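Participant: sequence first, then the predicted structure:
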Amino acid sequence: MKKVIYLLIFFILAGVITMRVIENNTAPKLGVQNGELKPLGSRPNSVSTQTDKPDKQVKSIAFDIEAKQQMQKVQNVIDAMPGAKILQQSDHYLYAVFTSPLMRFKDDVEVYLDDEQKLIHFRSASRVGYSDLGVNRKRYEDFARRLSVLSQ
């Protein structure tokens, strides 16, 4: 009977771990539609400049140069941040994946330059887990600080 219980526990744990690995390695459908980044989910593991949820909201960053020049600065900042890999980039949009060093968790980061309003919009969301323990907010703050230093 003990063997059956141990086997059952093993298979349940193996199933949960397999589901987490698959979820962590599946990129979500992201991008800009009608000037908006994808809305955030209900879990407290993300931040965005385009949300009305106070606990997930971060401030848009103004810019006053050509979008192409600004995107080059954004790219330089993201490239310099630990764990970042840029997967997609245009003059107005950048998509990067950040991988944590120890557990290899993946977070999706998007930066959208609204050339009309001259604002940088930012979205950072964890792929797995309920809470991110403030990692995405800290990432935004690091991004904003680095961009400010580079723009001076």
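Facilitator: Sure thing, it's come through. Residues are numbered from 1 along each chain as shown.
Participant: need the residues that contact the helix or strand Met71 falls within.
Facilitator: Using DSSP states H and E, Met71 falls within helix 67-80. Under the contact criterion C-beta atoms under 8 Å, 6 or more residues apart in numbering, helix 67-80 has outside partners 63, 84, 86, 89-92, 94, 96, 109, 111, 113, 115, 120, 143, 146-147, 150-151. From N, CA and C alone the C-beta is placed, and that goes for glycine too.
Participant: hmm, which of those are the buried ones?
Facilitator: With neighbours counted by 16 or more other C-beta atoms under 10 Å, these contain buried members at 63, 84, 89, 92, 94, 96, 109, 111, 113, 120, 143, 146-147.
Participant: so which of those sit within strands?
Facilitator: Residues from the buried ones among the contacts of helix 67-80 lying in strands, with DSSP state E as the criterion: 84, 89, 94, 96, 109, 111, 113, 120.
Participant: what two of those residues are the furthest from one another?
Facilitator: Checking these against each other with C-beta to C-beta, the farthest-apart pair comes out as Ala84 and Leu113, at 17.8 Å.
Participant: CA atoms only: put stretch 82-102 into PDB for me.
Facilitator: Provided in PDB are the C-alpha atoms of stretch 82-102 (Å, rounded to 0.1, in the frame of the first residue of the first chain):
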ATOM      1  CA  PRO A  82      20.800  40.900 -16.400                       C
ATOM      2  CA  GLY A  83      19.000  37.900 -18.000                       C
ATOM      3  CA  ALA A  84      17.600  39.800 -21.000                       C
ATOM      4  CA  LYS A  85      17.300  38.500 -24.500                       C
ATOM      5  CA  ILE A  86      15.700  40.700 -27.200                       C
ATOM      6  CA  LEU A  87      13.500  38.600 -29.500                       C
ATOM      7  CA  GLN A  88      11.700  41.200 -31.500                       C
ATOM      8  CA  GLN A  89      12.400  44.900 -32.300                       C
ATOM      9  CA  SER A  90      11.100  47.600 -34.600                       C
ATOM     10  CA  ASP A  91      11.300  51.400 -34.500                       C
ATOM     11  CA  HIS A  92       8.300  51.500 -32.100                       C
ATOM     12  CA  TYR A  93       8.200  48.100 -30.300                       C
ATOM     13  CA  LEU A  94      10.600  45.800 -28.500                       C
ATOM     14  CA  TYR A  95       9.900  42.400 -27.000                       C
ATOM     15  CA  ALA A  96      12.400  40.700 -24.700                       C
ATOM     16  CA  VAL A  97      12.500  37.700 -22.400                       C
ATOM     17  CA  PHE A  98      14.200  37.900 -19.000                       C
ATOM     18  CA  THR A  99      15.300  34.600 -17.500                       C
ATOM     19  CA  SER A 100      16.000  34.300 -13.800                       C
ATOM     20  CA  PRO A 101      19.500  32.900 -13.000                       C
ATOM     21  CA  LEU A 102      18.600  30.200 -10.500                       C
END
